[in-house]
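# Sequence plus the predicted model coming up.
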2 protein chains.
Amino acid sequence: VPRITAARVTPIAFRDPPLLNSAGVHEPWALRSIIEVEIEGEVTGLGETYGDEPFLTLLRRCAEAIVGLDIHDLNWVKRAAAAVLAQDADLACAAKPKTVDEGVAPRLYGAFDVALLDAWGKLTGTRLCDLLGGAVREEVPFSAYLFYKLARHKDLADGWDDGWGEVLTPEQMVGEARRMMAEHGFGSLKLKGGVFDPEEEIAALEAMHAAFPGAPLRIDPNGAWHVHTTLKLLRRLEGVLEYLEDPVLGIPSMAVVQNATQLPLATNMCVVAFDHFPQAVRLGAVQVVLADHHYWGGLRATVELARLCSSFGLGLSMHSNSHLGISLMAMTHVAAAIPDLTYACDTHYPWQGEDVIAGGRIPIRNGGVSLPKGPGLGVELDRDALARLHEQYQRCGIRRRDDAGEMRKYRPDWVMRRPRF
Amino acid sequence: VPRITAARVTPIAFRDPPLLNSAGVHEPWALRSIIEVEIEGEVTGLGETYGDEPFLTLLRRCAEAIVGLDIHDLNWVKRAAAAVLAQDADLACAAKPKTVDEGVAPRLYGAFDVALLDAWGKLTGTRLCDLLGGAVREEVPFSAYLFYKLARHKDLADGWDDGWGEVLTPEQMVGEARRMMAEHGFGSLKLKGGVFDPEEEIAALEAMHAAFPGAPLRIDPNGAWHVHTTLKLLRRLEGVLEYLEDPVLGIPSMAVVQNATQLPLATNMCVVAFDHFPQAVRLGAVQVVLADHHYWGGLRATVELARLCSSFGLGLSMHSNSHLGISLMAMTHVAAAIPDLTYACDTHYPWQGEDVIAGGRIPIRNGGVSLPKGPGLGVELDRDALARLHEQYQRCGIRRRDDAGEMRKYRPDWVMRRPRF
């Protein structure tokens, strides 16, 4: 029986451009946690997840709690995660996501699920996708994730430049899209909206629709629009979008919008846990669910989510946060094993330049990521890179993501509001 | 990569008592198919499934079609099964279950799913439950499956006696229950109903309720009751049952009954495929789904079904047909890996005396089956027993189960009708 002999959690920080969204603007450093699970000294399984401080503390407690368990005993690891949460209700509350109605338990468990499946694959010479039912595709399609952005971070001592310049107008957004498509071959385009007046954002969508005819378009205002604003915009959006992601907040409001249009609504904000399905289905709130193994409870749970979606005739796509290569590989393996993946997946990966995996960054070509041939996730740690990014974590001073606080460095009166428009 | 080098399907027949149900009476021989999947000559994975002729032909075609596939590629095996069905629409139709609205594809795929997971476990020294998320229980609870029955089969040349005698009255049923409980320690009791007038069957339930106070009771009329008969009986059933299984046929009728009572309705007849959930959930038709890996599409699909049920607040129990030890072990492993198994599982196993597994029949003690320690399913074939039961298949002359035809040997005017009462 292969048992967990040690589990480590290493917080890291990496450069992040000043990307705008309805919650504010990205800080100069994004946080993640890298999970390593050792199996009898022989094999190390890797995972990557959120890096905010309260969650990091939970990860470390969970890492201690799972030592000694059989790596196949995912149900027991799940219980261990639940027990860690039950021991400290205040911490569990602090680690709870604030903008969505979602528990911490699947996030905490999910971080270790990936590492254990990676270890299992490595121990048996099996690709991770083959532990999930086998690959139905060797290449997973991703979409370009387009952001409005500032040219530079304010007050950054070394004046780091992300090289993408300012993107605030429809013309600049077409330029960003063109470069994303040229560099990675993306076929579909997702605009992170909720930043400017919807009229301006629709102008950007229309400019892209004209510049790239036939390329599927999406916009994600992250709940920044009022229901009645959204209802008035629907006819114009129907002409250009493949789906509309989270224009409004909450299942009931999403249902009002979805029931007024044939345009599919997608969500990673109102259907974010299995027990959200009954209400969502009853009200017909969405037509596409965005999977994300980080918060749905790992890779097996994501396969289960796919079954649930197909049972109810819902489409499936994939959500992303700022992440590095271990997460990208986990997303790729699970997406490869899901027959009914109906849309290209989101990824922030092109916005990052650093990574902690050996051999450098994973290429995205022709809009897709190829499954690696190696066992498990197919990637290994570059320990020097991990040490470097951990040192960045120690130096950067950021411990909890705060896009709103960062925004106030530019506009001191800025207040986070949803809906805003 | 472990590849399938050969796959064999062996039809078998084994002794079956004259058990009564709403479709007629069991014939003297029950049919099953035993699946063997060879992995590079090293390891054989085992499965057990239905044995009726059209389905047997499909199994054999599918066995040929999967040779050469990687055993992890369950998604490809699923496609191979679908392709076999697509090639012969008439045969696919002939093999389709007649009393439930259910496709053949999950049945066909499911038969090989178990054998491949067994092989995978054996190749890696891993228990099958550990390929499904790990055991949350080492012992799986089963219920006593009580049948009205005739003393002897008619026209059986050798006059074989099942040793249980005639069971037609409430007193005889209490006796059957008492012996089942004494021999196997069952805690809960399920009565196969739909045979006699509901008043008589409720009298049997009330007699058991008096004889075994506290023992959870169920009745399964297999859709033999009219909706309005059922509605009139509800108040009395509420007093004695833990759940009421398929009193009526179809999701809409079940919903009428469920909406008239707090007594949970369970089903293995109206929610038998994933795409039945939307209607069932919308109408609130049932509170318990009976899993059965043989027709839900294998063991992983059963875990997915469990997730679906818990997402919608539905209970989960397990359905059974006449089966032998390979199926019992598959049921036990998947039930062990499902956290939200909310009721003891059904099994016909105590009604059978033969088996094809090495070491003889699997004990059911204290109402439960223990997970074996060995890898995979934890059982191996007894090749002499397999040959003997295959010879019985060749001799018995039965090729498709026909409980109604068998019933007409006793009552020539008997016609299958649902609802009957």
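Noted; the coordinates are in hand. Residues are numbered from 1 along each chain as shown, chains lettered A, B, ... in the order given.
# What does the pLDDT read for the one residue sitting closest to the centre of chain A?
Nearest to the geometric centre of chain A sits A:Ser320, at 1.9 Å (C-alpha atoms, centre = their mean). Model confidence at A:Ser320, given as pLDDT, is 97.
# A:Thr99 now?
The model's pLDDT for A:Thr99 equals 69.
# Pull out the buried positions in the helix or strand of chain A with the lowest mean pLDDT.
The helix or strand of chain A with the poorest confidence is helix A:89-95; it has a mean of 91 (mean pLDDT, DSSP states H and E). Across helix A:89-95, burial judged by 16 or more other C-beta atoms under 10 Å in any protein chain shown covers A:91-92, A:94-95. For the C-beta atoms, the positions are set from N, CA and C on the backbone; glycine is no exception.
# which residues of chain A score low on pLDDT?
A:99, A:101 (pLDDT under 70).
# Would you tell me which helix is longest in it?
helix A:105-124 (DSSP state H).
# out of the buried residues of helix A:89-95, who's nearest chain B?
A:Ala92 (20.1 Å; C-beta to the nearest C-beta).
# what's near enough to touch the residue lying closest to that closest one once chain neighbours are set aside?
Setting aside the residues directly before and after it, A:Ala92 is nearest to A:Leu85 in space (C-beta to C-beta, 6 or more residues apart in numbering or on different chains), at 4.4 Å. Applying C-beta atoms under 8 Å, 6 or more residues apart in numbering or on different chains to A:Leu85 gives the contacts A:58, A:92, A:104-105, A:108.
# from these, which single one is nearest chain B?
Closest to chain B, out of all of the contacts of A:Leu85 and judged by C-beta to the nearest C-beta, is A:Ala105, at 12.7 Å.
# roughly how far apart are that closest one and A:Phe112?
Using C-beta to C-beta, to the nearest Å, A:Ala105 is found at 12 Å from A:Phe112.
# Surely A:Glu380 touches A:Val356?
No: counting by C-beta atoms under 8 Å, A:Glu380 stays clear of A:Val356, with 9.9 Å between them.
# Neighbour count: those two, which is higher?
Neighbours were tallied for A:Glu380 and for A:Val356 using other C-beta atoms under 10 Å in any protein chain shown; the higher tally belongs to A:Val356 (26 against 16).
# Give me the distance between the more buried one and A:Phe142.
20 Å.
# Show me whatever sits in contact with both of A:Ala105 and A:Phe112.
Here A:Ala105 and A:Phe112 share the contacting residues A:Ala81, scored by C-beta under 8 Å, 6+ apart.
# which of those two has more neighbours?
Neighbour totals were compared for A:Ala105 and A:Phe112, and A:Phe112 leads with 30 against 18 (other C-beta under 10 Å).
# check contacts around the more buried one.
So A:Phe112 contacts A:7, A:35, A:37, A:47, A:62-63, A:66, A:77, A:81, A:298 (C-beta under 8 Å, 6+ apart).
# quick one: which of the residues you listed sit in strands?
Using DSSP state E, the members of the contacts of A:Phe112 that fall within strands are A:7, A:35, A:37, A:47.
# Can you tell me which residues in the stretch 301-421 of chain A are near chain B?
Within the stretch 301-421 of chain A, the positions near chain B by C-beta under 8 Å from any C-beta of the partner chain are A:301, A:303-304, A:307-308, A:310-313, A:337, A:339.
# Can you redo those as TSV, where the extra columns are secondary structure and neighbour count?
Output for those, formatted as TSV (DSSP: H, G, I helix; E, B strand; the rest coil; neighbours: other C-beta atoms under 10 Å in any protein chain shown):
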residue	secondary structure	neighbour count
A:Ala301	helix	23
A:Val303	helix	23
A:Glu304	helix	22
A:Arg307	helix	22
A:Leu308	helix	23
A:Ser310	helix	17
A:Ser311	helix	20
A:Phe312	coil	18
A:Gly313	coil	10
A:Ala337	coil	29
A:Pro339	coil	17
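# what's the closest non-adjacent residue to A:Leu231?
A:Ala260 (5.7 Å).
# ok, of the contacts of A:Leu85, which one's closest to A:Arg15?
For the contacts of A:Leu85, the minimum distance to A:Arg15 (C-beta to C-beta) is 25.9 Å, reached by A:Leu58.
# Quick check: the farthest pair among the buried residues of helix A:89-95?
A:Ala92 and A:Ala94 (7.4 Å).
# Report how many residues lie close to A:Ala273.
17.
# re earlier: helices or strands next to the least confident helix or strand of chain A in the packing?
helix A:53-65 (3 or more C-beta pairs under 8 Å, 6 or more residues apart in numbering or on different chains; DSSP states H and E).
# how far is the helix it packs on from where the chain is centred?
Distance of helix A:53-65 from its chain centroid, counting by C-alpha atoms, centre = their mean, to the nearest Å, is 20 Å.
# Does A:His209 fall in a helix, a strand, or a coil region?
What DSSP: H, G, I helix; E, B strand; the rest coil gives for A:His209 is helix.
# Roughly how far does it sit from A:Thr44?
47 Å.
# Name the residue in those two with the higher neighbour count.
Neighbour count, other C-beta under 10 Å: between A:His209 and A:Thr44, A:Thr44 has more, with 20 against 17.
# a helix runs through the more buried one, doesn't it?
No: the assignment for A:Thr44, made by three-state DSSP, is strand rather than a helix.
# Across the sheet, point out what pairs with it.
A:Glu38 (DSSP bridges).
# now A:Leu244
In beta-bridge terms (that is, DSSP bridges), A:Leu244 pairs with A:Ile219, A:Leu265.
# list the contacts for it?
A:218-219, A:237, A:257, A:263-266.
# that older thread, how far away from the center of its chain is the strand or helix carrying the residue nearest to A:Ala92?
Element membership of A:Leu85, judged by DSSP states H and E, is helix A:74-86. Distance, stretch centre to chain centre, for helix A:74-86: 23 Å (C-alpha atoms, centre = their mean).
# With adjacent residues omitted, what lies nearest to the one residue in the stretch 151-300 of chain A that gets nearest to chain B?
Closest to chain B within the stretch 151-300 of chain A is A:Phe274: 3.9 Å, counting by C-beta to the nearest C-beta. With sequence-adjacent residues excluded and distances taken as C-beta to C-beta, 6+ apart, A:Phe274 is closest to B:Ser311, at 3.9 Å.
# Could you check how far that neighbour is from B:Leu168?
43 Å.
# re the thing from before, pick out the most distant pair among the contacts of A:Leu244.
A:Arg218 and A:Val257 (14.9 Å).
# for chain A, what spans make up the strands?
Under DSSP E, chain A gives strands at A:4-15, A:20-21, A:24-25, A:29-39, A:43-50, A:139-141, A:144-147, A:189-192, A:217-220, A:243-245, A:265-267, A:288-291, A:315-318, A:368-370.
# Nearest to A:Asp402, out of the ones you listed?
Per C-beta to C-beta, nearest to A:Asp402 of the strands of chain A: strand A:24-25, 7.6 Å.
# Near chain B, which residues of the stretch 1-150 of chain A? Just list them.
Residues of the stretch 1-150 of chain A lying near chain B (C-beta under 8 Å from any C-beta): A:70, A:72-76, A:124, A:126-127, A:130-131, A:133-136.
# looking at it, the residue nearest to A:Leu231 is touching A:Leu234, isn't it?
Yes: with contact defined as C-beta under 8 Å, A:Ala260 counts as touching A:Leu234 (6.2 Å).
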